[in-house]
Structure formats: C-alpha cells, structure tokens
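Visitor: the following block contains a protein sequence and its predicted model.
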Amino acid sequence: MSYWFDKHVKWIYPLPAVLFVALMMVFPIGYTFWLSFNEWSMSNVAPPLWVAFENYKELFADELFRQSLWTTFYFTFIAVAVQTVLGVLLALLLNAHFIGKGIVKTLFLLPMVATPVAIGLVWVLIYEPNVGVANIFLQVMGLPAQEWLASPDLVLPSLIIIDVWEWTPMIALIVLAGLVSLPKDPYEAAIVDGANRFQIFWKITLPLLQPTIYSAVLLRLIDALKTFDIIYATTQGGPGTSSQTLNIYGYVLGFQYFQLGKASALLMVFFAIVLALSILVIFLRKKVGVSI
Amino acid sequence: MRKKWNHLRKVSLTFAVVVGLSAVLWGCSGGTKESTAETGNTSTEEQSQTIRLVAANHPWTEAIKPLLPEFEKETGIKVKVDSYFEDQLSQKTSVEFAANAKSIDVVMFRPLQDGKQFEKNGYFATLNDYVSKEKSSTDDFIPSALGSVKKGDNLYGFPVVTESTVLYYRKDILDEAGLTPPTTLDELKEQAEQLSDPDNGLYGFVARGKRSPAVTQFSSFLYSHGADFMKDGKATLNTPEAIDAFEYYGGMLKDYGPPGTLNMSWPEAMAVFTQGKAVFYTDASALYTNATDPSKSNVADKVGFAPFPAGPGGNHVAAPPAWAVAIGANSEKKDAAWEFVKWATSKDIVLKLQKTGITGALTSVWESPEGTEKFPKDLAEAIVTNNKYGIPYDRPAIVNVGAARDAIGDVINAAIEGKDVKAEAEEANKAFQDILDKE
C-alpha cells in the first residue's frame, strides 16, 4: 500500500485540485459546448434535439447578437480606458505623502467591496430622471436635465460611469503597489541630469510601471467584458435593447426565452472571445516585458 | 420512462403500506402500550404534514398568509410560504420544475405568462380527478378566467386574481377644469393635452413604457383600435389598426408623459402617478391599492377610476386572470396540496380576500354586495363594465411569451422615441411570425 502510494505520489497530491477543476470548470464548459449543438427548451418532456451548427448559424444571422457584441466591446473598452487613466492618476496622487493617507486608501476600497446589486439600486435612484441627484446636480450647474438610464443614447455612458466609479480604485491600488516597489536609482540619475517632473513621469515612471498597468488592465478587461450585475440591476439591458451586452443577451435567451441551445452557442462564442483577448493581452505583455 | 417511474412508485407505495400494516398488526399483537405509541405517531405525522407554497410577492400572498392558521386548524396541514418577485418566481419555478424537484406542492403562476410553457412541459398535476370528485367546484369561476388554465379538457390550475386595464385619474384636477372622465381614447388625448403642464411637473398621461412590461397594458389600446396580436396563427402587428394603436400609445407617452418612460414598468409609472405628477394613468385594476393607500400615495383621496375608454374599434379591454394556483406534478403531497387549493379558492376565503381588496375570480363574490364593499365604488363599477367587454388575454396566448413580448415591446419603444413605427412594426411582425411558426 505504502509502496503504491510512494510510487504514485506525484499523481495523488494534485488529484483534489484536478478533480475540482474538472468538476467546476471542465464539466460546465463541456456541457455548454454540447448543449450549443442542441435545441432544448429546458422541458422535461422533450429531450435535447441534435441540430449541429444550426444554433451558431442562427446566432450569426441575428442582428441582436451583433448589436450586443458591439455593445459589449463599446462598454468594455471605454470603461477600461477611462478607468486606467484615472486609476494611474489616482495612484500617483496617493503615492505622495499627506496626512490621512491610510483613511483615504480605505475609503477607496468601498465601491469595490459593496454588493453590485446594491450599487445598481443606488445608481438607479441617482439617475432617476424626475427626482434623482444626477439631474439636480446638472440643474445646479445650469445644464439641462437628462434621462440617463432611460435614454437609449445615454444609457451606455451612464453605465460606464457606474463601472468607472466602482473599479477605478482597483486599478489605482494595483498601480500604487507597483509605484511603491519602483527602484530609486533611475530617478536620482534623472534629477542629476536635470529632467523635469513631466519628463520623469513620461520617460521613467510610466515605462517602469507598464507591466503593472498591463496586469491591472488585463484583470479589468476580462472582468468588464463579463459585466452582468450592474447592468441587470439597473436596466436589464434596456431601454429596448440599448444596453444589452452579450452576457445579458445570453441570460435573456436562456432564462426568458428558454432557447438553451442558442444561449449556449452564444456563451461559447463569448467564451472564445474572452479567451482570445486574454491570450492576446498576455502575449503583448510578454513582448513589452522583453523590450524593457 | 415516466410510466416506469409511476410503476415503481406504485410498487414502492404498496410495499410501504404492507410494511406499515404489518408493523401495526405486529404492534397489536405485541402489547397495548406499543400499539398506542405507534398509532399516536402516525396521527401526529399526518397532523404535522407541511406543504410548500411557492408564491409571488403579491397582495394575494400577503392577504392569505394571516388566514393560514385557520386552514391549519381545520385540516392539520401546515403551509410553508416561499415568496419571490414576479420574474424571479418564474425563473425559480421553471428551474426547479425542470430539475424534476419534488419540493413544489402548490405553485402560484401567471397563466398567460408561464401557463402554456409549464403545462406543455408537464409541470402541473391535472386537477380533473379532484374536481370530478366534487362536481360543483368549478361552476362559480368567471368562465374566461377559468378558460386560461385549461388545455382542452385538462384543467391544471385555478385562477385566484383577475384584473383588467382601468383608467386611473385625478378627480381634483378634472373637477377644477370642469371635465368628466374620458369615455373615448380621443377624449383621453384631448384632456391629457389640455391638462399637461410639464413646467410645473404635471404630466397628462403616464403608463408603462419599458419594453416587455408595457405589452400587457398596451394590449387594451390595441384591442380598442380594432386590432389584435394575431389572427388564426398569423401575426397581425403591422395592420393599419395596430400601427394606429402603437402610434397612439407611444405618442401619448412621448407628448404628455414624464421623462424616462422608456424605463418604466408599473412600480415606476405608479410612483409618478402617486407623487401627483400625472393626471391619467392606465394600468391593471389589481394595483389600485398602491394609489389609494395614504401610506403609499400622496394623492390617495384624489384618485378616481373609470372603465377603459372606447377606441375607434369600439369597447374592448384586456380582462384576464393575473394569477392562478396549481399543484406540482412531482409533489408527493398532492392530496394535501389539493386541500389547500380547494380551501384557497372556496367562496368563503375568496370573499374574505376580496374584502381586503384582492380582485378574485368568482362570479358569486363579484355579484354579492359584500364582495365589492371594500373597493372604491367607481373602481368596482369600472371593473364590472370592463368585464362585459373583457378579452381573456393581455398578451399573445402562446408558449414563448417572453420573446413575443420583447418583439412587441420594440414597436412600443420605437413609438415612444418617435421613430418610424411602421417599419418597426413590419420587423416585429416578422419576428413574431417566426415565433408562432416554431410552436
């Protein structure tokens, strides 16, 4: 027994982890993949029916699918771009020494630890066109009131504002960690050479920070692509389908229309997109890492 | 497969009965003390039988909860109530049913929204056997309400809440302007235009504008324009009458509605009305307590009710059953569940519920003065008038209601945004026809 154990120990120790991954990740993805070739309406009378690539064909012919694809990327890239810029600026500010820095840093964590659904509900109130704070704020500044989440044109920017509010602190915290661990020598050399603050930032801080920023952006990018909670809590993809991202559309197809096959096909496509994007970003990061 | 299961179940049931009987017999022969202990046990088990009622967060559920101890005392059956928000309820129940869970004994459902789908999938136990044992038990239901929980002769539920689209209006504002409540849609438009005063935060008309929720309340506008969702299996969303209806409804919200109607389901629209920011509001009669309860409404004492106005196509209004109860097909306590359903839909209980403002489904209760005493007089009259012209569905009566509602909602949204309604209606008609063809 113990001989057998010793001989196979390299297999036995990782086994729980392998089992966990198989059960929690490989199986659901595999099942979704299988389901995407079937038509099934979650009925226990009619079993899933094999339709091969019919779901995928239907999906790519579906205008709503293309629209939600566009919405997903629009939301993700603008939100992450704004967050990154703001997050780096915030990190630079926080890196300076001032009284109460600890408290400020703790406060920055708040949006991240709050429940997304609660955040959604709070912002619904803020954006409410008749009594919401957002419009009162605009009116105080002498600007016309807006319909925010109820306007097809404004709903995405309004959602991006929520996402930026919620996740900028995370980028700031990651970048801050990177800032703290930067080497001192290049700065001393630059000061000796008479570089100004902007030059120091542009030529030294930013390149040195690049790997950290890449990690933060990668994390946020994948997360933002998959955003579901705040959108569902605020608009459910509305008004109409103006804020319907791939995730929301998948949910609608699956749990409201009961087209589980088509929903699975959509999720597989989505999965491939997220995977491809992650690989791309990791690849880019490696390239940049070498050049530094 | 199913037959095999039923067979297995029967076999195991017989087995259990045999074992139980022999145990009792053994107890009898064994000694007196043990035998009383045995029988004592079985009777408390019966008494403490608990059924699970999966219900919506709805006034009906709230009103029946305080009556449950009565039922428990009468029958010894305990009722555990799980309640969810409407959309969560359909998701929760469909997922549980699809997993063949035995945990749902009685379920509250929307006959028009989930009924067809659930019935088609065999989620409900048939009630025919129970009903035929007690012959008279379905005679008193409003026929159109009962009609929507039947497939052919198969009765799978009992309606518990009915509703129709009524016109909510501000008595004080109309009185001041010397107007009487509108009886036609043209008058409604004229008055809304006359009384609308956005600069002072008063809007002429409010109703649901959110894509899918709007459809059920838009339906009355559609019918009274002489149109319908479909005819003989063909989608009819692009007929001239239907387009007029879309344009009327969308135009009312665009021109005289408050900002943000595109995101309004009933809670938001009702909030605008109860904050005193709208003169007219069309929505389900069942929601009226939100407007007349002073703790929820700023205009509680100023709300008037009128029947749904007649349109160019005459007097037509959606008057469907909003909620029904059924017994889960896999429930292991069907008899106890039936006892509950029978009790909850009995005249006595329906009258008690109706006295708290729940619009029930029994003709005799609506005809009794006690049954309408709790309602504002004009509301009761409006409902009775509406029921005369009532159409028993307020959305397409098909399986895939969700997708159809979204397609129709797209046209409503386009109309509110002032887009090309005709083009949108053509597109929605195609999408809706696709849905119909697949069923």
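Guide: Done, it's in. Because the structure is predicted, anything quoted here is derived from the model rather than measured.
Visitor: CA only for contacts and neighbour counts going forward, please
Guide: Noted.
Visitor: return the residues of chain B in contact with chain A.
Guide: When proximity is defined by C-alpha under 8 Å from any C-alpha of the partner chain, chain B lies next to chain A at B:91, B:98-100, B:121-122, B:210-211, B:258-263, B:400-403, B:409-410, B:413.
Visitor: in ChimeraX, how would I select the buried members of those residues?
Guide: To isolate the buried members of the residues of chain B next to chain A in ChimeraX, using 16 or more other C-alpha atoms under 10 Å in any protein chain shown:
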select /B:98,100,121,122,210,211,258,259,260,261,262,263,400,401,402,403,409,410,413
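Visitor: now, which of the residues of chain B next to chain A lie within helices?
Guide: When DSSP state H defines the helices, the subset of the residues of chain B next to chain A inside them is B:91, B:98, B:401-403, B:409-410, B:413.
Visitor: from the residues you listed, which is closest to residue B:180?
Guide: Nearest to residue B:180, judged by C-alpha to C-alpha, of these is residue B:413 at 30.4 Å.
Visitor: tell me the pLDDT at the closest one?
Guide: pLDDT, residue B:413: 94.
Visitor: quick one, what contacts it?
Guide: The contact partners of residue B:413, taken as C-alpha atoms under 8 Å, 6 or more residues apart in numbering or on different chains, are A:239-240, B:209-211, B:250, B:262.
Visitor: residue A:221 now?
Guide: Residue A:221 neighbours (C-alpha under 8 Å, 6+ apart): A:76-77, A:80.
Visitor: drop anything exposed from these.
Guide: Among these, the ones that count as buried by 16+ other C-alpha under 10 Å are A:76-77, A:80.
Visitor: let me have those in TSV, adding pLDDT, secondary structure and distance to chain B as columns.
Guide: Output for these, formatted as TSV (pLDDT from 0 to 100; DSSP: H, G, I helix; E, B strand; the rest coil; distance: C-alpha to the nearest C-alpha, whole Å):
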residue	pLDDT	secondary structure	distance to chain B
A:76	94	helix	23
A:77	93	helix	25
A:80	95	helix	26
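Visitor: wait, isn't residue B:158 in contact with residue B:345?
Guide: Yes - assessed by C-alpha atoms under 8 Å, residue B:158 is found in contact with residue B:345 at 7.4 Å.
Visitor: wait, residue B:188 touches residue B:179, no?
Guide: No - Residue B:188 is beyond contact range of residue B:179, at 10.9 Å (criterion: C-alpha under 8 Å).
Visitor: more neighbours: which of those two?
Guide: Of the pair residue B:188 and residue B:179, residue B:188 is the one with more neighbours under other C-alpha atoms under 10 Å in any protein chain shown, namely 20 against 11.
Visitor: identify the residue spatially nearest to the more buried one, adjacent ones excluded.
Guide: With C-alpha to C-alpha, 6 or more residues apart in numbering or on different chains as the criterion, residue B:188 has its nearest non-adjacent residue at 5.2 Å, and that residue is residue B:182.
Visitor: what of residue B:214?
Guide: Spatial nearest neighbour of residue B:214, chain neighbours left out: residue B:208 (4.8 Å); criterion: C-alpha to C-alpha, 6+ apart.
Visitor: list the contacts for that neighbour?
Guide: For residue B:208, the contacting residues are B:214, B:217, B:261-262, B:264-266, B:269, B:283, by C-alpha under 8 Å, 6+ apart.
Visitor: could you single out the nearest of these to chain A?
Guide: Distance to chain A across those (C-alpha to the nearest C-alpha) is lowest for residue B:262, with 5.5 Å.
Visitor: could you flag which of the contacts of residue B:208 are buried?
Guide: Among those, those buried by neighbour count (16+ other C-alpha under 10 Å) are B:214, B:217, B:261-262, B:264-266, B:269, B:283.
Visitor: flag the shaky bits of the chain, pLDDT-wise.
Guide: Using chain A. Applying pLDDT under 70 to chain A flags residues A:1, A:42-46, A:288-292.
Visitor: nope, chain B
Guide: Along chain B, the model assigns pLDDT under 70 to residues B:1-48, B:135-137.
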